[in-house]
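J.: could you look at this predicted model? Sequence included:
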Amino acid sequence: MAKEKIILLLTPAFPAHEQDWNWLPVLQRLTLSMQAIDADLPVKLISFSYPYQNKTYFWNGMEVFSMNLMHLNKVQRLLAWCKIWKQMRALNQQYQIQSMVSFWIAETSLLGSWFAWWHRIPFYAWICGQDAKPGNRFARLSKLKPANCIAISDFISDGFEQHYGIRPMQTIPFGVSPTPTNTHFNNRPIDIIGVGSLKPLKQFHLFIEVVALIQQQHPHLKVLICGSGELHDALLEMILEKGLEHNVQLLGEVMHHETIQLLSQSKIILHSSNYEGMSAACLEGLEAGCQLISFVKSMHTEIDHWQIASSVEDMAQKAMTILDHPPAATKRVMPYSIYQTATKVLEFSNR
């Protein structure tokens, strides 16, 4: 009797339950879209670090094996790797694994690539961001080649080739889902929004510098920052020092669906990060009708309503131009849909 075919996804984290929407919403949308497109090819997941418990559970009908590696020491981690290998072997014995896909070049790609090679299973590693930076030992230890590497953006593909000599054969950004949004640009009460973790990589101190320049010309500027992190107190102090306490509000961590609502009420999304694969917040902002300004150009091609700034002053000037000469109506831009992403995953999984 023929075994049932499955796709096996390996991820550092996955939501613990169906209401846990702040854990990797892009991966949630991808798996749900894959399931909707081809219900006859079940998706199963091994989540390495989160949830923080060893358990097997179902999320929207998909079986998830949680391994809880987050807080393990080196010896415990090696033992956990053996347990993950046994879990993959058990799945391979029970099912015909059509393909394996790991997210990030990390433990997921290390174990996944070698298991797939040993059992002659098609394997793909999705390079999603900082894993393309130099010094990632898993890039050397994983069994990677151009044909089994997928980059989330051209920026990441260029970086991975530069640092590891491997040019991913495919570039597939995580797309977004269409959402109802405000179509009148001037009816958006939030002038500028920022979305992301408050950590050094995101450079929110430069975001505040940009806002300070704009506020000189727009004293009633309304700015929101959605995100939590280690730099919260430092950013709050900076806001007070620059006299922006009536302009800038730090909202802390915001539920994903609430972030989408805020984006639909915002004119401009500023993305001050100095390194970015393909920010989901940026794509969601474009889809919600925001104008986007960032320092990093993720794709070689031009994307409507996405401007690239060369400096703090340039970013401020671009934002002021939009505020001073607003478009008559909102244009929703969706260069990459999650449906297209899921379709491509299923296409190479069915080869």
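T.: Happy to help now that I have it.

J.: and the closest residue to Tyr336 other than its chain neighbours, how many residues sit next to it?
T.: By the measure of Cβ to Cβ, 6 or more residues apart in numbering, the closest residue to Tyr336 outside its immediate chain neighbours is Gly175, 3.8 Å from it. Every C-beta, even on glycine, is put in place using the N, C-alpha and C of the backbone. By other Cβ atoms under 10 Å, 24 other residues sit near Gly175.

J.: pLDDT score for His119?
T.: For His119, the pLDDT comes out at 97.

J.: that should have said Val248, apologies.
T.: The model's pLDDT for Val248 equals 98.

J.: from Leu231, how far out is the closest residue to it other than its chain neighbours?
T.: For Val248, ignoring the flanking residues on the chain, the nearest one in space by Cβ to Cβ, 6+ apart is Val223 at 4.5 Å. Applying Cβ to Cβ, to the nearest Å, the value for Val223 to Leu231 is 16 Å.

J.: looking at these two, which is more packed in?
T.: Counted by other Cβ under 10 Å, Val223 and Leu231 do not tie: Val223 has more neighbours, with 24 against 18.

J.: which stretches of the stretch 201-350 of the chain form helices?
T.: 204-217, 232-241, 256-263, 280-287, 312-324, 338-349 (DSSP state H, counting those that start in this stretch).

J.: of those helices, give the one that comes closest to Phe14.
T.: Closest to Phe14 of the helices of the stretch 201-350 of the chain is helix 256-263 (Cβ to Cβ; 14.6 Å).

J.: and that closest one with helix 280-287, angle?
T.: 50 degrees (axes from the mean of the first three to the mean of the last three Cα atoms, to 10 degrees).

J.: ok, residues contacting helix 256-263?
T.: Here helix 256-263 makes contact (Cβ atoms under 8 Å, 6 or more residues apart in numbering) with 21-22, 25, 179, 181, 190, 193, 195, 224, 226, 254, 269, 281, 284-285, 288, 290.

J.: next, count neighbours for Ala139.
T.: Each residue near Ala139 was counted by other Cβ under 10 Å, and the total is 24.

J.: what about the spatially closest residue to Gln53 that is not a sequence neighbour, neighbour count?
T.: What sits nearest to Gln53 in space, not counting adjacent residues and going by Cβ to Cβ, 6+ apart, is Asn68, at 5.5 Å. Using other Cβ under 10 Å, Asn68 has 16 other residues around it.

J.: for Asn68, give me its contacts.
T.: 49-54, 80.

J.: give me the buried subset of those residues.
T.: Among these, those classed as buried by 16 or more other Cβ atoms under 10 Å are 49-51, 80.

J.: adding pLDDT, write these out as JSON lines.
T.: Listed next are those as JSON lines, based on pLDDT from 0 to 100:
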{"residue": "Ser49", "pLDDT": "95"}
{"residue": "Tyr50", "pLDDT": "94"}
{"residue": "Pro51", "pLDDT": "94"}
{"residue": "Ala80", "pLDDT": "95"}
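
J.: closest to Gly159 out of these?
T.: For these, the nearest to Gly159 is Ser49 (23.9 Å; Cβ to Cβ).

J.: now, the buried ones among the contacts of Asn68 that are in strands?
T.: Using DSSP state E, the members of the buried ones among the contacts of Asn68 that fall within strands are 49-50.

J.: just send the buried ones among the contacts of Asn68 back as TSV, with distance to Gln35 too.
T.: Formatted as TSV, these follow (distance: Cβ to Cβ, whole Å):
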residue	distance to Gln35
Ser49	23
Tyr50	21
Pro51	20
Ala80	28
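
J.: quick check: Ser113 is in a helix.
T.: Yes: remark: Ser113 belongs to a helix, assigned using DSSP: H, G, I helix; E, B strand; the rest coil.

J.: burial count for it?
T.: Burial of Ser113 is recorded as 24 neighbouring residues (other Cβ under 10 Å).

J.: start the count at 50, not 1, going forward
T.: Sure thing, new numbering starts at 50, so read that last one as Ser162.

J.: distance check, it against Glu290.
T.: 49 Å.

J.: what separation do you get for the residue nearest to Gln102 and Ile317?
T.: For Asn117 relative to Ile317 (Cβ to Cβ), the value is 40 Å.

J.: please apply the same query to Pro171.
T.: For Pro171, the distance to Ile317 - Cβ to Cβ - is 42 Å.

J.: ok, those two, which is more surrounded?
T.: Shown here are Pro171 and Ile317; by other Cβ under 10 Å, Ile317 has more neighbours (25 against 17).

J.: tell me the pLDDT at Phe397?
T.: 82.

J.: who touches it in this structure?
T.: 148, 171, 173, 219.

J.: and the residue nearest to Asn71 when sequence neighbours are not counted, how many residues sit next to it?
T.: Sequence neighbours aside, His305 is the residue nearest to Asn71 in space, at 5.7 Å (criterion: Cβ to Cβ, 6+ apart). By other Cβ under 10 Å, 18 other residues sit near His305.

J.: what's the spacing between His305 and Gln68?
T.: Relative to Gln68, and taking Cβ to Cβ, His305 is found at 11 Å.

J.: kindly report the same for Asp282.
T.: 30 Å.

J.: ok, back up a step: so which of the helices of the stretch 250-399 of the chain is nearest Val113?
T.: Between Val113 and the helices of the stretch 250-399 of the chain, the shortest gap by Cβ to Cβ is with helix 387-398, which sits at 17.4 Å.

J.: tell me the buried residues in that closest one?
T.: Within helix 387-398, the residues that count as buried by 16+ other Cβ under 10 Å are 387-388, 390-391, 394-395, 397-398.
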